[in-house]
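A.B. asks: return a 3D structure for these sequence lines:
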Amino acid sequence: MENRRFILIALLGAVLFFMYQAWVKDFAPAAVTPAETTANAAPAIADEIPTASTATAAKPAAAAETTTPGAAVESGARVHVQTDVLAIDISLTGGELRRVELVGYPVAKDQPNNNFALLSDKDHNWFVLQSGLATPEQPLSSPQTAFTSAQNSYKLADDASTLEVPLDFVAADGSTLRKTYRFKRGSYDIELVQSVKNAGAANISVSPYVRMWRTPPADSSSHHMGISTFTGVAFYEQKPESTNYRFKKLKFDELAEEPLNTKQQGGWIAMLQHYFAVAVIPPAGEANTFSAKPSATKGFLGQYVGSAAVVAPQTQHDFSTHLYIGPELQDGIGKPKEGDPLAFFDLHGMNTVAPGLEYAIDYGILTPIAKPLFWLLKKFHTLTGNWGFAIILLTLAVKGLLYKLSEAQYRSMAKMKKFAPRIADLKERYGDDRERMSKEMMNLYKKEGFNPLAGCWPLLLQFPIFMGLYWVLLQSVELRQAPFALWINDLSAADPYFVLPVLFGISMFVQQKLSGQQIADPMQQKVMQIMPIMMTAFFAFFPAGLVLYWFVSNLAGITQQWYITRKLENETPVRKTA
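C.D. replies: As a prediction, this is how the structure comes out:
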């Protein structure tokens, strides 16, 4: 009986899965393909540089794309920065971030020394971060501004907690501009301070801007088991006539149809991809403008433009902006949002960055299930130090919580076995009168206090947990390339040798035999016989962590079923039909 219900639910899920996969293949919007450019190709059309006046206008323009994508860089024109978690290349042309590698996050499991580059100026994976200051007449600094640096490289010292990297520029009138990147140990939060000192005789109005410029990643159109992960722009939008905010996402193809332009107090703008985020976070409460649109040359732009500040002669003004460039970590990426019913399950470390940034890890409609699951997984991981053992403990915890329902399920199955002769007798008596037979069966169930639907609840409750865990494995960077034991070196990928799926199939077969259900219909018998094989093949492509969960769940279920069945066999037998 358990397996019948499991089969029905699994088949329904499989049908929906393959229907969705077919829909994705045939009808989903195609990924935006960046135009190919050669190493020395110049932009076709330069986007307008923001000025202090346009920065506060309703529709500010984007900063100029005056840096040629993929252009050759002269020797010494870059400054290399090394912290414990980041490896950065800063171009002295524009003072922009041209490459940022995440230390400890390999590109692939078999390339442990090849760090993943979240920012890169390689033409096939273009993603750079530019910044500058604008005045009403012309940009005070742009992507072409030639900065100088006292050193070619900087490294966070072993006994230091912070590192500053200053870049300097002197204008024709003697005014100075300094860009300072401030890094913290163990942190992906970078503070960018743009300081301007007015050496002229008149006031100047200056606005800061920071811009993300990228082409969609090469795997932006890929799907994991038919479900695609989000790639695009996200921003923390202030609600109209309110001090509250909401998280919004826009895919790149949506920006092509309707660009973003929003003016508000505070918030942030980011570009997200699977597991990783780049966010621009202005000071809280500051009036600013966020915009995002297709680039005039290649890819897409996501930009922040701050409020203008008047800098008097012989005075200095500092503009501070925070940048988050790193993995979407759930235990140190955001600050709790007041009134969030799931705030208890937020794992907030010391390295918090901005309110709402935790929503970059988006589980969609399964958030109420997936978020507590990850919270519990994290607790078990802290205890065991291994995500695989954490999944095993989670499975046992779920089975423990559902024990009473499981007991009712197995009692139902055991009673059904005992009722089998009496039901067969009723079928023999009233086989030609289905209405009478149904009535007599219901009377039998009522008389014996038997609910044939009681066994459905554990399965119905466990299936959302199964799907929630699937999203946790798919979306959580903490489980990216996480090893378990023996041959399983990545719980977020399929078992390379299909051992776990085979063990799952065997456990399913054992459950069938243990249930001892007798099926009269030959067709149903054949379906039941081949179902473990079909489910083994189906689970062969699921993440190993998910198959581990279901396999351990089956083992626990077999143990529970054996214990409860033996216990029931010693109870009073069912009375014979009068």
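A.B. asks: how about the helices of the chain, start to end?
C.D. replies: In the chain, the segments counted as helices under DSSP state H are 2-27, 52-55, 252-257, 367-384, 387-401, 403-430, 434-448, 456-475, 499-515, 522-539, 544-569.
A.B. asks: any chance of those helices in CSV, plus distance to residue 306, mean neighbour count and mean pLDDT?
C.D. replies: Quick note: C-beta positions are derived from backbone N, CA and C, even for glycine. CSV is the format used below for the helices of the chain (distance: least, Cβ to Cβ, whole Å; neighbours: other Cβ atoms under 10 Å; pLDDT from 0 to 100):
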stretch, distance to residue 306, mean neighbour count, mean pLDDT
helix 2-27, 40, 14, 44
helix 52-55, 7, 20, 45
helix 252-257, 22, 16, 89
helix 367-384, 32, 18, 89
helix 387-401, 41, 19, 90
helix 403-430, 56, 17, 72
helix 434-448, 71, 13, 76
helix 456-475, 32, 20, 78
helix 499-515, 52, 19, 86
helix 522-539, 51, 15, 76
helix 544-569, 43, 20, 85
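A.B. asks: redo those helices as JSON lines? Include distance to residue 95.
C.D. replies: Putting the helices of the chain into JSON lines (distance: least, Cβ to Cβ, whole Å) gives the following:
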{"stretch": "helix 2-27", "distance to residue 95": "41"}
{"stretch": "helix 52-55", "distance to residue 95": "19"}
{"stretch": "helix 252-257", "distance to residue 95": "26"}
{"stretch": "helix 367-384", "distance to residue 95": "38"}
{"stretch": "helix 387-401", "distance to residue 95": "40"}
{"stretch": "helix 403-430", "distance to residue 95": "61"}
{"stretch": "helix 434-448", "distance to residue 95": "77"}
{"stretch": "helix 456-475", "distance to residue 95": "34"}
{"stretch": "helix 499-515", "distance to residue 95": "50"}
{"stretch": "helix 522-539", "distance to residue 95": "51"}
{"stretch": "helix 544-569", "distance to residue 95": "42"}
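A.B. asks: residue 243 is nearest to which of those?
C.D. replies: helix 52-55 (22.8 Å; Cβ to Cβ).
A.B. asks: quick revisit: residue 283: which of the helices of the chain is closest?
C.D. replies: Ranking the helices of the chain by proximity to residue 283 (Cβ to Cβ) places helix 52-55 first, at 15.0 Å.
A.B. asks: what mean pLDDT does stretch 117-127 have?
C.D. replies: What stretch 117-127 shows for mean pLDDT is 91.
A.B. asks: quick check: end-to-end length of it?
C.D. replies: Terminal residues of stretch 117-127 are spaced 10 Å apart (Cα to Cα, to the nearest Å).
A.B. asks: where's that stretch relative to the chain centroid, distance-wise?
C.D. replies: How far stretch 117-127 lies from its chain's middle: 20 Å, per Cα atoms, centre = their mean, to the nearest Å.
A.B. asks: one step back: nearest to residue 493, out of the helices of the chain?
C.D. replies: With Cβ to Cβ as the measure, helix 544-569 is the member of the helices of the chain nearest residue 493 (6.5 Å).
A.B. asks: what angle sits between the closest one and helix 367-384?
C.D. replies: Counting by axes from the mean of the first three to the mean of the last three Cα atoms, to 10 degrees, helix 544-569 points 90 degrees away from the direction of helix 367-384.
A.B. asks: what's helix 544-569 packed up against?
C.D. replies: Helix 544-569 sits against helix 387-401, helix 403-430, helix 456-475, helix 499-515, helix 522-539, with contacts defined as 3 or more Cβ pairs under 8 Å, 6 or more residues apart in numbering; DSSP states H and E.
A.B. asks: give the burial count for the residue lying closest to residue 229 once chain neighbours are set aside, as a bare number.
C.D. replies: Distances taken as Cβ to Cβ, 6 or more residues apart in numbering place residue 274 nearest to residue 229, at 4.2 Å, with adjacent residues excluded. Look at residue 274: counted by other Cβ atoms under 10 Å, it has 18 neighbours.
A.B. asks: looking at residue 274 now. What's its pLDDT?
C.D. replies: Listed pLDDT for residue 274 reads 88.
A.B. asks: wait, it sits on residue 231?
C.D. replies: Yes - counting by Cβ atoms under 8 Å, residue 231 is a contact partner of residue 274 at 7.0 Å.
A.B. asks: in JSON lines: the helices and strands packed on helix 544-569, plus distance to residue 145.
C.D. replies: Output for the helices and strands packed on helix 544-569, formatted as JSON lines (distance: least, Cβ to Cβ, whole Å):
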{"stretch": "helix 387-401", "distance to residue 145": "46"}
{"stretch": "helix 403-430", "distance to residue 145": "66"}
{"stretch": "helix 456-475", "distance to residue 145": "39"}
{"stretch": "helix 499-515", "distance to residue 145": "56"}
{"stretch": "helix 522-539", "distance to residue 145": "56"}
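A.B. asks: looking at these, which is closest to residue 270?
C.D. replies: When those are compared by Cβ to Cβ, helix 456-475 sits nearest residue 270, at 15.6 Å.
A.B. asks: which residues touch the closest one?
C.D. replies: Helix 456-475 has contacts (Cβ atoms under 8 Å, 6 or more residues apart in numbering) with 2, 5-6, 9, 13, 224, 227, 229, 275, 328, 361-364, 366, 369-370, 373-374, 377, 391, 394, 398, 402, 405-406, 408-409, 479, 491-492, 542-543, 545-546, 549-550, 553.
A.B. asks: over to stretch 97-108?
C.D. replies: For stretch 97-108, the external contacting residues (Cβ under 8 Å, 6+ apart) are 73, 78, 83-91, 112-121, 128-129, 188, 276, 323, 325-327, 477, 480-481.
A.B. asks: find the nearest non-adjacent residue to residue 427, please.
C.D. replies: Among residues not flanking residue 427 along the chain, residue 437 sits closest, at 6.5 Å (Cβ to Cβ, 6+ apart).
A.B. asks: nice, that's everything, thank you.
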